[in-house]
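K.L.:
here is a sequence with its predicted model. Questions after.
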Amino acid sequence: MGRILTEKDVEAAVKGGSVYAAGGGGWADHGRMLGYAAVSIGKPELVSIEELDDNDWVATAAAIGAPASTTPWEMQGVDYVKAVSLLQDALGEKLSGLMVGQNGKSSTLNGWLPSAILGTKVVDAVGDVRAHPTGDMGSIGMAASPLQMIQTAVGGNRSEDRYIELVVKGATAKVSPVLRTAADQSGGFIASCRNPLRASYVRQHAALGGISLALVLGEAIIEAEKRGGSAVIDAIVKATGGTILTRGTVHKKDVVYTKEAFDIGTLSLGEGATASTLHVMNEYMAVDDANGTRVATFPDVITTLDAAGQPLSVGQVREGMYIFVLHVPKTIIPLSSSVLDATVYPFVEDRMGIDLTSYALDGVKRD
């Protein structure tokens, strides 16, 4: 049966989501704002996809953009709710549930406030267990689909007259860039609801149980915190089933912000035979050892932690820091159809200049 999400679940979702953010940005405080608003205003309910009928509509609640402290972004909780309302109006039918495109510092909680206010269920399914640089990677197989989809965006900096409401219809690949432009015009970050799909489709194509994974991990972190940093790291390793792949001092950070709004580059860690290179495109996408041998590749979970077990986003990592690299192989996490779709990789490979496809799709049974 469904589970009513309560105040104690908010911090667990933020903490677990921050590990699965895989070095991506986002804001833990934004996640807390969404979560506490939801549980104080209503009763958001987490349900498995099995609790919905095949024909029920499920859409993806998302936040689009790359909110930096340098951009004039403003996102209010009501913006997520309005985005869902606009999509329901355009669809002409009620949504039964909302999933999210990825876990993250706030994205794990994107569906909670609409659930509390509109009664849509928080579906225990994600487009990707971990965070990723492009929307296609969390689009559960819609990236190259010719099907007409509905996408909405709501939000913006009110004081600068940047508030936007947008409803677009078209093939996902053609309308997603429109929403990215809206995010930029709004101040860098905008709430979105997109791609209503039948529950039967979501059951086959999403990474099922992705929200629960973040909650269970967050609960383990909270339980371990009173025992100190090494206990937290041990708890993260145990709860995720991963390993600490490497650890060491960051001696070079070479990450640049591009005009396409991506942070791209590398972190160099450790010295000599234990050195490693982390490849970044917003999130950690791959790790090479001292010999240049690939040891981890998206959609594996790759996350940097400090000595206190706090997940560090790429933006927080500085040269001279001592960090731990968590690795959870793709073989032990649920995978969506979009991370197993060869068409989502060339764009990212082109920007990063490395091979991802042959590793990401290695050993994958394709239908």
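P.N.:
Arrived safely, thanks for sending.

K.L.:
name the nearest residue to Pro146, ignoring sequence neighbours.
P.N.:
Excluding the flanking residues, the one nearest Pro146 by C-beta to C-beta, 6 or more residues apart in numbering is Ala171, at 5.4 Å. Placement of C-beta: from N, CA and C, glycine included.

K.L.:
repeat for Gln88
P.N.:
Leu95 (5.6 Å).

K.L.:
what's the answer for Gln204, then?
P.N.:
Ser337 (7.5 Å).

K.L.:
list the contacts of that neighbour.
P.N.:
When contacts are counted by C-beta atoms under 8 Å, 6 or more residues apart in numbering, Ser337 touches Ile140, Gly141, Gln204, His205, Ala206.

K.L.:
okay, domains of this structure per the record?
P.N.:
The record's domain parsing of the chain by automatic domain parsing lists 3-210, 228-360.

K.L.:
deepest-packed of those domains, please.
P.N.:
Neighbour counts (mean count of other C-beta atoms under 10 Å) averaged over each of the domains of the chain peak at domain 3-210, with a mean of 22.

K.L.:
what's the closest of the contacts of Ser337 to Glu160?
P.N.:
Ile140 (34.6 Å; C-beta to C-beta).

K.L.:
leaving out chain neighbours, which residue sits closest to that closest one?
P.N.:
For Ile140, ignoring the flanking residues on the chain, the nearest one in space by C-beta to C-beta, 6+ apart is His205 at 4.1 Å.

K.L.:
same check on Gly35?
P.N.:
For Gly35, ignoring the flanking residues on the chain, the nearest one in space by C-beta to C-beta, 6+ apart is Val10 at 3.4 Å.

K.L.:
repeat that for Ser85.
P.N.:
Leu118 (7.0 Å).

K.L.:
so the one you found touches Val84, yeah?
P.N.:
Yes: look at Leu118 against Val84 with C-beta atoms under 8 Å: they come within range, at 6.0 Å.

K.L.:
partner strands of the helix or strand that Cys193 is a member of and their direction?
P.N.:
Applying DSSP states H and E as the criterion places Cys193 in strand 189-198. The pairing partners recorded for strand 189-198 under DSSP bridges are strand 57-65 (antiparallel), strand 148-155 (antiparallel).

K.L.:
and the ones you listed: which comes nearest Gln310?
P.N.:
Closest among those, using C-beta to C-beta: strand 57-65, at 21.9 Å.

K.L.:
and the closest one, average pLDDT?
P.N.:
For strand 57-65, mean pLDDT is 92.

K.L.:
now Lys152, nearest residue through space, not along the chain?
P.N.:
One correction, residue 152 is Thr, not Lys. Closest to Thr152 by C-beta to C-beta, 6+ apart is Leu86, at 4.3 Å.

K.L.:
please, which helix or strand holds that neighbour?
P.N.:
Per DSSP H and E: helix 77-91 holds Leu86.

K.L.:
ok, Gly248 next?
P.N.:
Using DSSP H and E, Gly248 falls in strand 243-257.

K.L.:
let's see that strand as PDB, backbone CA atoms only.
P.N.:
Below are the C-alpha coordinates for strand 243-257, written out as PDB (Å, rounded to 0.1, in the frame of the first residue of the first chain):
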ATOM      1  CA  THR A 243      32.500   0.500  -2.800                       C
ATOM      2  CA  ILE A 244      34.900   3.400  -2.200                       C
ATOM      3  CA  LEU A 245      36.600   3.100  -5.500                       C
ATOM      4  CA  THR A 246      39.500   5.500  -4.700                       C
ATOM      5  CA  ARG A 247      40.400   8.300  -2.300                       C
ATOM      6  CA  GLY A 248      43.000  11.000  -2.300                       C
ATOM      7  CA  THR A 249      43.900  14.700  -2.500                       C
ATOM      8  CA  VAL A 250      42.500  16.700  -5.500                       C
ATOM      9  CA  HIS A 251      45.600  18.100  -7.100                       C
ATOM     10  CA  LYS A 252      44.000  19.500 -10.200                       C
ATOM     11  CA  LYS A 253      40.500  20.700 -11.100                       C
ATOM     12  CA  ASP A 254      40.000  21.600 -14.700                       C
ATOM     13  CA  VAL A 255      36.300  22.200 -15.200                       C
ATOM     14  CA  VAL A 256      34.900  25.000 -17.300                       C
ATOM     15  CA  TYR A 257      31.300  26.300 -17.800                       C
END
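
K.L.:
angles on the backbone of the nearest residue to Ala13 once chain neighbours are set aside, please.
P.N.:
In this structure, Ala13 finds its nearest non-sequential neighbour in Thr108, 4.7 Å apart by C-beta to C-beta, 6+ apart. Note on Thr108: backbone dihedrals following degrees, to the nearest 10 are phi -60, psi -30.

K.L.:
and Thr108, what does it touch?
P.N.:
Taking C-beta under 8 Å, 6+ apart as the test, what Thr108 contacts is Ala13, Val14, Gly16, Gly17, Tyr20, Gly31, Val100, Ile211, Ala214.

K.L.:
repeat that with 6 Å
P.N.:
Each residue near Thr108 by C-beta atoms under 6 Å, 6 or more residues apart in numbering is listed here: Ala13, Gly17, Ala214.

K.L.:
pretty sure the residue nearest to Gln88 sits in a strand.
P.N.:
No: read with DSSP: H, G, I helix; E, B strand; the rest coil, Leu95 is coil and lies in no strand.
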